[in-house]
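*Asks:* could you work out the structure for the sequence below:
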Amino acid sequence: MTTNATTGQTARAITERLLEERRVAVEHGNHVWTCCIGGGAERERTPLLILHGGPGLPHDYLRNLDALASERQRVIFYDQLGCGRSDQPDEPERWQLPRFVAEIDLVRAALGLERVVILGQSWGGMLAIEYALTRPAGLDGLVLANSTASAPLWGEETHRLRTQLDADVCAVLDQHEAAGSTHHPDYQKAVLAFYRRHLLRLEPWPAVIQRALMEIGQPYTVMWGANEFYITGNLKDWDRTPMLQEIQCPTLLISGEFDESTPRINQAMLDKLPHAEWQLLKGCSHLAHIEAPTAFQQAVITFLDQLA
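*Replies:* This next block holds a predicted model:
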């Protein structure tokens, strides 16, 4: 972790590099918040567009990736509709995968991103896969971090990880899921035991992570479920593994040793993607960019260098 002095210097540099915050119109009069950092060099690299996880998690938990920005490298964050600084309509029927795919094109068009590299973390990687399968123009590369191409496989693997918890924790999870009482404090405590192994292995958790989990939007429960391993939403049968060979752009997979996105999940993607490489970060879990920021960022920088 950086020192307070280093963090302050980084924050000042980021402020100086800030180019623009904009609200981009999407469907039905709603808007999403975007932020572009870096750029301005005579010869810039392809912009890096970051897709956050959830679905419904505000982008803030990924904000340390603004360290990737420079005069040559623009980095673009945005909050998908339904979370963070973007509009949050109370419309559960709206939260379907195709609208989030269409949203990427709207953001690209509004920000003039004719060419782009997309970094998707967790659900953001699933969204990036779905978007890449539409064969959009100007997609130069993908970074799929802590992600999956198959919700059923994710379910299998997180169930396996769950069975490794203490027997009393598993009993609480089973009891409340059977009763439909997943909001019960005892259930939430048991979920936390899983998260401390496979979501984030730091103690204490950074405030930005605690806030993000408290502020998660409606899309999460509608599309995914009560938590990372209890998948009941409309993505539960989503599986694009058989179609991955259609993605022809260079792709970097990043995952953690103790990640929910297990080696089996990443190997399944690596086997199907035509132009992929995989970086496994030792000692990390699902939020590897927080646990090992230098190693994570260097993996991305090396990949971007290869594309330049």
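*Asks:* got the phi and psi for the residue nearest to residue 307 when sequence neighbours are not counted?
*Replies:* Excluding the flanking residues, the one nearest residue 307 by C-beta to C-beta, 6 or more residues apart in numbering is residue 141, at 5.1 Å. The way it works is simple: take the backbone N, C-alpha and C, and place the C-beta from them, glycine included. Residue 141 adopts backbone torsions of phi -180, psi 160, taken as degrees, to the nearest 10.
*Asks:* okay, residue 141: pLDDT?
*Replies:* Residue 141 carries a pLDDT value of 98.
*Asks:* ok, residue 16 next?
*Replies:* Predicted confidence (pLDDT) at residue 16: the value is 52.
*Asks:* what's next to stretch 92-99, contact-wise?
*Replies:* Outside stretch 92-99, the residues that touch it by C-beta atoms under 8 Å, 6 or more residues apart in numbering are 27, 55, 81-82, 127, 130, 218-219, 222-223, 234-235, 238.
*Asks:* could you dump these into a markdown table and include distance to residue 68 and pLDDT?
*Replies:* Converted to a markdown table, the contacts of stretch 92-99 look like this (distance: C-beta to C-beta, whole Å; pLDDT from 0 to 100):
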| residue | distance to residue 68 | pLDDT |
| --- | --- | --- |
| 27 | 30 | 96 |
| 55 | 23 | 98 |
| 81 | 25 | 98 |
| 82 | 26 | 98 |
| 127 | 19 | 98 |
| 130 | 24 | 98 |
| 218 | 30 | 98 |
| 219 | 26 | 98 |
| 222 | 31 | 98 |
| 223 | 28 | 98 |
| 234 | 32 | 98 |
| 235 | 28 | 98 |
| 238 | 28 | 98 |
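*Asks:* from those, which land in helices?
*Replies:* Using DSSP state H, the members of the contacts of stretch 92-99 that fall in helices are 127, 130, 219, 222-223.
*Asks:* and of those, the nearest to residue 269?
*Replies:* Using C-beta to C-beta, residue 130 comes nearest to residue 269 of these, at 13.5 Å.
*Asks:* is it true that that closest one touches residue 101?
*Replies:* Yes: using C-beta atoms under 8 Å, residue 130 is in contact with residue 101, at 5.4 Å.
*Asks:* ok, now which ones touch the spatially most central residue of the chain?
*Replies:* Geometric centre of the chain, nearest residue: residue 121, 2.3 Å, by C-alpha atoms, centre = their mean. Shown in contact with residue 121 (C-beta under 8 Å, 6+ apart): 50-53, 62, 145-147, 289.
*Asks:* contacts only, for residue 26.
*Replies:* Residues in contact with residue 26 (C-beta under 8 Å, 6+ apart) are 32, 81, 103, 106.
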